[in-house]
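K.L.:
Structure, please.
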Amino acid sequence: MLSAIGIYGTLAYTVIQRTRELGIRVSLGSTSLGILKLVLRSGLQVVGIGLLAGVLVALGVAGLLQSVLYGVSARDPIAIGTGIAFLAVVAFIACLLPALRAARVDPTAILRSE
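P.N.:
Alright, predicted model coming up:
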């Protein structure tokens with residue numbers, strides 16, 4: 001839950017900062033689907049890097065973690081895969097909400113306000 005809130009908050013803030021850019025893109029002919037893909041791609045890139053780094057660190061310190069785990073190996077592929085899949089789904093949903101908001105950007109209101 002904490003990761004979803006963090007991803008959502010960070011991406012929502014990024015969308016707010018890039019609102020003018022997104023408005024210009026829409027006014028130059030970009031579609032809502034194009035804006036949606038742009039925001040999702042940038043958010044999921046960061047999530048992918050974070051997941052990869054997390055797995056590498058977890059595998060690197062698996063020896064230290066083994067003493068505190070009960071009934072599961074620190075390098076259990078099912079547990080690691082389930083964790084990655086769950087975090088990926090949560091991250092996708094957390095990225096989708098700001099991306100949908102960015103796709104509904106009204107370029108005339110944004111460009112008129114500045």
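
K.L.:
Start and end of stretch 95-112, how far apart?
P.N.:
End-to-end distance of stretch 95-112 (C-alpha to C-alpha, to the nearest Å): 28 Å.

K.L.:
for stretch 69-85, same thing?
P.N.:
End to end - C-alpha to C-alpha - stretch 69-85 spans 21 Å.

K.L.:
For it, give the mean pLDDT please.
P.N.:
When pLDDT is averaged along stretch 69-85, the result is 85.

K.L.:
List of residues touching that stretch?
P.N.:
Identification of contacts with stretch 69-85 by C-beta atoms under 8 Å, 6 or more residues apart in numbering yields 51, 55, 58-59, 62-63, 65-66. Placement of C-beta: from N, CA and C, glycine included.

K.L.:
change it to 6 Å
P.N.:
51, 62, 65-66 (C-beta atoms under 6 Å, 6 or more residues apart in numbering).

K.L.:
Show me which of those residues are buried.
P.N.:
Neighbour-count burial (16 or more other C-beta atoms under 10 Å) applied to the contacts of stretch 69-85 gives residue 51.

K.L.:
out of the contacts of stretch 69-85, which are inside helices?
P.N.:
Counted as lying in helices by DSSP state H, out of these, are 51, 62, 65-66.

K.L.:
Select, from those residues, the two members most distant in space.
P.N.:
Using C-beta to C-beta, the two most remote members of these are 51 and 66, lying 21.7 Å apart.

K.L.:
burial of residue 31, as a residue count?
P.N.:
11 (other C-beta atoms under 10 Å).

K.L.:
repeat for residue 90
P.N.:
Residue 90 has 17 neighbours, counted by other C-beta under 10 Å.

K.L.:
can you pull the contacts of residue 65?
P.N.:
Counted by C-beta under 6 Å, 6+ apart, residue 65 has contacts residue 74.

K.L.:
which residue ranges form the helices in this protein?
P.N.:
Using DSSP H, helices in the chain cover 2-17, 19-27, 32-60, 62-66, 77-103, 107-113.

K.L.:
Please pull out the lowest mean pLDDT helix or strand from the chain.
P.N.:
helix 107-113 (a mean of 76; mean pLDDT, DSSP states H and E).

K.L.:
Would you mind pulling the contact partners of that helix?
P.N.:
19-20, 23, 26-27.

K.L.:
Done for today, thanks.
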